[in-house]
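>>> structural data only, the sequence is not supplied:
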């Protein structure tokens, strides 16, 4: 999970690998010194079911794993550990070449130069834009060299959402042109649609569908909850990003024909909007207000942009095991239980940091506990003595912290026929620091998985609560969403925030999330881990044994958009 700018924003699950710029995470407030390891407390005896779960975390979140960063040798060791646990649980291998591992080719990419942007007004001379003052380039994961020269059309936020009666492209032809857009989506959108339409990948896909050949993002006068100052983008323009690699060594992109070219500052925007029918001052005033609406504006000139991108190859693995379905018909269908195995590795040494300061981001809650839950669920299936009717796949993915990379690779290179995958239940960062009194299930109300989830949660003596932070749009920001994009109904479960939950959750986010303090010194409640596993097992068991496959609710936006099987 990636850092964001505030305590609540720190909840954010990993964002798309195609961010609009290459800025690194904002610096977090200094964390409290890591407590001395209390060996006696960590090794205190527990009931067998709790001890089994804790044992996985003791290994995966140990200092020896150095934060399990995707592409590192330590991640590879963690992957072998999970493969061994899948074997011990009785799962059959479902990776490459009869093994448990699926190789994921990686590529790290970054801006190789500051690039060039030149604005030429229709009746003027070429005007070079100044790096760091007028623009910051974006690396293009799909090409080493990017050269685009075309007229520019401002299209608001670049959104086409008929269900909200918004079409930012209405009345303009952007074929062969560059579109200039603001980040984000209207606050009036539902949380899941808001995050979806605010995603840079979605904006790029929409732009490409309309024939645009490039995108520039405009620095907004009123920053969104996850936006970064233009100065920070300029300072870290060449920070590396990661995606999975094509055979030619370039990275994948949802819209290679409409690459992000860079971010234009407000000073740069004034230059581009000079001579336009609607001046920049008017657009900026709209953007600074509440719930702005925009009309397209054709700018009076041509933008020429050149960027260069450097690539470094790498590799990692997903870990995959299955329990074959026993039903001769339903057994061909596959229910996936997923969790990410990677974390963020070792933080660089900071100026002024005390000598010997702990810099290993162990990732106990994020997401060693999710992997431990996955393993313990597998053991529950095999120990039940009753094989599931549908095939159950246990999928531990790499690169979630890099932008949902491993799950995206699997969704595009599944080791079973994609048409046979009928559901995904995702496990990511359950914060088990309190006795949960409710649960939050992202995506449950979008498909027939909803009633199944509710029944399983109620059986634990708690009820479902709505998304407490819809503006964060968690539904589209963890690994399950790559299955949604393939038309597969998916859900993502968290302990809720009733009672002391919110305070405990926010304390974790403020002091230990994505920091060395996310380790075994935390007061993790392993009995709550057992409850969490039991709930997820009940959900998965009902999905695997139900007479009908999961389907999207009639008319659901994501089911319709991605052409999933839908209730008639």
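In hand now; what should we look at? Keep in mind the model is a prediction, meaning the values are calculated, not measured.
>>> quick one: the helices in the stretch 301-450 of the chain?
Assigned by DSSP state H, counting those that start in this stretch, the stretch 301-450 of the chain shows helices spanning 369-383, 405-412, 449-458.
>>> residue 504: which of these is closest?
helix 369-383 (14.6 Å; C-beta to C-beta). No exception for glycine: its C-beta is placed from N, CA and C like everyone else's.
>>> pick the most buried one from the helices of the stretch 301-450 of the chain.
Among the helices of the stretch 301-450 of the chain, helix 405-412 has the highest mean neighbour count (mean count of other C-beta atoms under 10 Å), at a mean of 25.
>>> hmm, back to that, nearest to residue 525, of the helices of the stretch 301-450 of the chain?
Per C-beta to C-beta, nearest to residue 525 of the helices of the stretch 301-450 of the chain: helix 369-383, 10.9 Å.
>>> how far off centre is that closest one?
Computed by C-alpha atoms, centre = their mean, to the nearest Å, the chain-centroid distance of helix 369-383 equals 23 Å.
>>> returning to what we had before: to residue 506, which of the helices of the stretch 301-450 of the chain lies closest?
Taking these one by one with C-beta to C-beta, helix 369-383 is closest: 18.3 Å.
>>> mind giving me the packing neighbours of the closest one?
When contacts are defined as 3 or more C-beta pairs under 8 Å, 6 or more residues apart in numbering; DSSP states H and E, helix 369-383 sits against helix 48-60, helix 73-88, strand 297-323, strand 334-340, strand 391-397, strand 421-427, helix 526-545.
>>> for the ones you listed, give me JSON lines that also has mean neighbour count.
Shown next, in JSON lines, are the helices and strands packed on helix 369-383 (neighbours: other C-beta atoms under 10 Å):
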{"stretch": "helix 48-60", "mean neighbour count": "18"}
{"stretch": "helix 73-88", "mean neighbour count": "19"}
{"stretch": "strand 297-323", "mean neighbour count": "21"}
{"stretch": "strand 334-340", "mean neighbour count": "29"}
{"stretch": "strand 391-397", "mean neighbour count": "27"}
{"stretch": "strand 421-427", "mean neighbour count": "27"}
{"stretch": "helix 526-545", "mean neighbour count": "22"}
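>>> let's have these in a markdown table, adding distance to residue 514.
Shown next, in a markdown table, are these (distance: least, C-beta to C-beta, whole Å):
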| stretch | distance to residue 514 |
| --- | --- |
| helix 48-60 | 16 |
| helix 73-88 | 17 |
| strand 297-323 | 19 |
| strand 334-340 | 14 |
| strand 391-397 | 18 |
| strand 421-427 | 18 |
| helix 526-545 | 21 |
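>>> pLDDT below threshold where in the stretch 201-350 of the chain?
223-227 (pLDDT under 70).
>>> change it to 50
Along the stretch 201-350 of the chain, the model assigns pLDDT under 50 to no residue.
>>> which parts of it are strands?
With DSSP state E, counting those that start in this stretch as the criterion, the stretch 201-350 of the chain has strands at 214-218, 241-244, 260-264, 297-323, 334-340.
>>> pairing partners for the second one, with directions?
To tie it back to what came earlier, the one meant is strand 241-244. strand 101-111 (antiparallel) (DSSP bridges).
>>> dihedrals phi and psi, the residue of the chain positioned farthest from its centre?
Most distant from the centre of the chain: residue 123, at 44.4 Å, with distances by C-alpha atoms, centre = their mean. Here is the backbone geometry of residue 123 (degrees, to the nearest 10): phi -120, psi 40.
>>> out of the helices and strands packed on helix 369-383, flag the one nearest residue 462.
Per C-beta to C-beta, nearest to residue 462 of the helices and strands packed on helix 369-383: helix 526-545, 8.7 Å.
>>> rounded mean pLDDT for the following helix or strand past that closest one, please.
Next along the chain after helix 526-545, taking DSSP states H and E as the criterion, comes helix 557-561. For helix 557-561, mean pLDDT is 93.
>>> how about helix 557-561: buried residues?
557, 558, 559 (16 or more other C-beta atoms under 10 Å).
>>> what does stretch 384-392 give?
Going by 16+ other C-beta under 10 Å, stretch 384-392 has these buried residues: 387, 388, 389, 390, 391, 392.
>>> quick check: closest non-adjacent residue to the second one.
Okay, so that is residue 388. residue 544 (3.8 Å; C-beta to C-beta, 6 or more residues apart in numbering).
>>> show me the contacts for the one you found.
When the contact criterion is C-beta atoms under 8 Å, 6 or more residues apart in numbering, the partners of residue 544 are 325, 335, 388, 389, 390, 391, 392.
>>> switch to 7 Å and redo it
Counting by C-beta atoms under 7 Å, 6 or more residues apart in numbering, residue 544 touches 335, 388, 389, 390, 392.
>>> show me which of those is closest to residue 485.
Looking across the contacts of residue 544 and measuring by C-beta to C-beta, the closest to residue 485 is residue 335, at 17.8 Å.
>>> correct me, but that closest one touches residue 420?
No - taking contacts as C-beta atoms under 7 Å, residue 335 lies outside contact range of residue 420: 10.1 Å.
>>> list residues touching both of the two?
Counting by C-beta under 7 Å, 6+ apart, nothing touches both residue 335 and residue 420.
>>> tell me which helix or strand of the chain sits lowest on mean pLDDT?
helix 39-42 (a mean of 82; mean pLDDT, DSSP states H and E).
>>> how far does that helix sit from the chain's center?
On C-alpha atoms, centre = their mean, the centre of helix 39-42 falls 34 Å from the chain's centre.
>>> quick one on the thing from earlier: just put the strands of the stretch 201-350 of the chain in CSV and tack on distance to residue 537.
Putting these into CSV (distance: least, C-beta to C-beta, whole Å) gives the following:
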stretch, distance to residue 537
strand 214-218, 43
strand 241-244, 31
strand 260-264, 42
strand 297-323, 12
strand 334-340, 9
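>>> out of those, nearest to residue 153?
strand 297-323 (5.2 Å).
>>> the closest one pairs with which strands?
Partners of strand 297-323, by DSSP bridges, with direction: strand 92-93 (antiparallel), strand 101-111 (antiparallel), strand 116-121 (antiparallel), strand 145-154 (antiparallel), strand 391-397 (antiparallel).
>>> and it with strand 334-340, angle?
Relative orientation of strand 297-323 versus strand 334-340 (axes from the mean of the first three to the mean of the last three C-alpha atoms, to 10 degrees): 110 degrees.
>>> was I right about residue 50 contacting residue 528?
No - contact between residue 50 and residue 528 fails when scored by C-beta under 7 Å: they sit 9.5 Å apart.
>>> low-scoring stretches of the chain, by residue?
In the chain, residues with pLDDT under 50: 1-35.
>>> show me what contacts residue 206?
Counted by C-beta under 7 Å, 6+ apart, residue 206 has contacts 158, 160.
>>> same question for residue 524.
Contacts of residue 524 by C-beta under 7 Å, 6+ apart are 432, 433.
>>> and it, which helix or strand is it part of?
Going by DSSP H and E, residue 524 is not part of any helix or strand.
>>> start at 29, not 1
Shifting the count to begin at 29 puts that one at residue 552.
>>> just give me the closest of the buried residues of stretch 412-420 to residue 592.
residue 418 (17.0 Å).
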